[in-house]
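[1] take this sequence and fold it.
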Amino acid sequence: MRTSARNHFSGQIAAVKAGAVNDEVTLRVDGGLEIVAIITHGSAASLGLAAGKNAFALVKASSVIVMVDGDANKVSTRNVVAGTVASVTKGAVNAEVVITAAGGAQIAAIVTNDSVDRLGLAAGKSAAALFKASSVIVGVDA
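    The predicted structure is shown next:
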């Protein structure tokens, strides 16, 4: 599958917590990274999501927030992935920041050049990628 989403994670469903309207889906990907998604109960059912099923998660780079020197326990986002900045590519207005997690997974974020400068983002600097569970799209191969 090819998509325009910069962040594509393949793995297995670790858990599905069913709700009346929305379900919480936890996907375990390579390197032990867990991604939490909130999707409609109908979508989870139609995809046949259950523990052990192979699936993937997509997250647009523009939905990823970058944090430095912060406390992950003091933010409301379900997905906080600590790591090290692998690269920063500046454009005219925005920059792409790629963060590598401890297990090797990479997450791309699109942030303003001003944010790159203000946060001192550069290769080798510690940073975290944050994204809401509602920003995660879950899929399965047909």
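[2] C-alpha only now, for contacts and for neighbours.
    OK.
[3] and the gap between the closest residue to residue 112 other than its chain neighbours and residue 113?
    If the residues on either side of it in the chain are set aside, residue 112 comes closest to residue 94, at 4.1 Å by C-alpha to C-alpha, 6 or more residues apart in numbering. Separation of residue 94 from residue 113 (C-alpha to C-alpha, to the nearest Å): 5 Å.
[4] okay, those two: which has more neighbours?
    Between residue 94 and residue 113, residue 113 has the larger neighbour count (other C-alpha atoms under 10 Å), namely 19 against 15.
[5] what about the helices in this structure?
    Under the criterion DSSP state H, helices of the chain are mapped to 41-47, 113-119.
[6] would you turn these into JSON lines with mean pLDDT?
    Shown next, in JSON lines, are the helices of the chain (pLDDT from 0 to 100):
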{"stretch": "helix 41-47", "mean pLDDT": "96"}
{"stretch": "helix 113-119", "mean pLDDT": "97"}
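[7] format those as JSON lines; extra columns: distance to residue 1.
    As requested, those are arranged in JSON lines below (distance: least, C-alpha to C-alpha, whole Å):
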{"stretch": "helix 41-47", "distance to residue 1": "16"}
{"stretch": "helix 113-119", "distance to residue 1": "31"}
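[8] which stretch among those comes nearest residue 105?
    With distances scored as C-alpha to C-alpha, the stretch of the helices of the chain nearest to residue 105 is helix 113-119 (21.1 Å).
[9] list the helices and strands the closest one packs on?
    Packing contacts for helix 113-119, counted by 3 or more C-alpha pairs under 8 Å, 6 or more residues apart in numbering; DSSP states H and E, involve strand 94-101.
[10] list the contacts of the strand it packs on.
    Strand 94-101 is contacted by residues 81-90, 106-113, 116, 127-129 when judged by C-alpha atoms under 8 Å, 6 or more residues apart in numbering.
[11] neighbouring strands - and their directions - for that strand?
    Strand 94-101 pairs in its sheet with strand 79-90 (antiparallel), strand 106-112 (antiparallel), by DSSP bridges.
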